[in-house]
Every structure is written in structure tokens, then in C-alpha cells.
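Participant: Please find the sequence and the predicted model below.
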Amino acid sequence: MSKLLNLIMMASVLALAFPSVYERYRTQLVAGEDERLDPAPSVVEAAASPPFAPAGRRTIHLTADEDGHFRADARFNGRSESVLVDTGATYVAISDATARRLGVRVGPSDFRYTAQTANGPMPVAMARIDRLTLGGVEVRDVEAMVAKGDALGTTLLGMSFLKKLKRFAVENGRLTLVQ
């Protein structure tokens, strides 16, 4: 059971990290650019649905950035964090430094899993986020994977958040989330 869980964790982290790392380095290689820090995420549309939406249902729309990614500001237990929406990520994924800043508590003994990434093995812990809000959409009790160290440079909003929605869809460079 432990080996299966480790394998799943490794595959999840690899699936989380590889596409964005590969795309960034491929773009730099083709352009002949030196490595540099990523710029701040661009502003994306994130608005609550119009007042005529059915009671209790909230809808937000995110527009893809120039790289085709969906970035937004989310609130983790009331604290703001820039995220990349990633349907290929099994979990919401945050670094341990981000977890501390957002009030997600994990101790040294919680890092009992190892995930294999493009940068090598990485210790990870599982945690829960009480309340995660994106625009007008709020989800409670969201599973998160906390990565130890600097291996995860971007907070990923994965399927552990998205699967709690009524639906989500991508069409014409626009991601729609419906609660």
C-alpha cells in the first residue's frame, strides 16, 4: 500500500512539474534567452456570475495568458496567493514556505512521502485547506500536497479543487468554473 501511494505521489508531482518546466525552458532555448525570473502573473478576468444566475450557483471565467495558462489570485483560508490552474495536477500543490505563509500546518514528520520530479526526488506532505476561494467560487476541505524546499515555484490549483465544482470547461482560451 505504501509503495502504491508513493508511486501515485511521484506520478502526481511529475505530472505537475514537468509540463510547465519543459515549456519554459523550450521557449527560452528557442529564443536564445538567458535564464531569468518569471514576471509577475498577468491580470486575468475573475468575476462573479450575473445576478440572474440560479440561487447558490457561482460562475467565474478566467482568460488564458499569453502562454495559454490560466492564472489567478486565490484565497487560501482568507490569505491571497497567485495560482496556476492545472487540470493535470491531482492535488492543489504548494511549497512548504507558501504553506507556512497561508497558515497550512505541516510538521517535519508529515513529509513522509517522496515524489519523483524532473529535478529528482522531493519530500512531500499531505494537508487540508479549510477554505479555498477563487473569485466568487468557494470550496471547503481541499486536499493539498505540500512540497518541501524550492522544487515547486508556482502554486498549482489542481483537481482536488476542481473536482469539487459542479463543472469546469475550457473553450476558446477561456476557463469557466461553475459551483
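Facilitator: Structure's in. What do you need? None of these values were measured; they are calculated from a predicted model.
Participant: How many neighbouring residues does K164 have?
Facilitator: Counted with other Cβ atoms under 10 Å, the neighbours of K164 add up to 16. Bear in mind the C-beta positions are built from the backbone N, C-alpha and C, glycine included.
Participant: Without its sequence neighbours, what residue ends up closest to it?
Facilitator: Spatial nearest neighbour of K164, excluding adjacent residues (Cβ to Cβ, 6 or more residues apart in numbering): V139 at 4.6 Å.
Participant: Check the gap between the one you found and D67 for me.
Facilitator: Distance of V139 to D67, computed by Cβ to Cβ, to the nearest Å: 25 Å.
Participant: Have a look at those two and say which one is more surrounded.
Facilitator: Between V139 and D67, counting by other Cβ under 10 Å, V139 is the more crowded of the two (20 against 12).
Participant: And that one, what's its pLDDT?
Facilitator: Predicted confidence (pLDDT) for V139: 96.
Participant: same check, this time on T114
Facilitator: Reading off the confidence values, T114 has pLDDT 84.
Participant: Adjacent strands (with direction) for the host helix or strand of it?
Facilitator: If you go by DSSP states H and E, T114 is part of strand 113-117. Note on strand 113-117: by DSSP bridges, its sheet partners are strand 120-134 (antiparallel).
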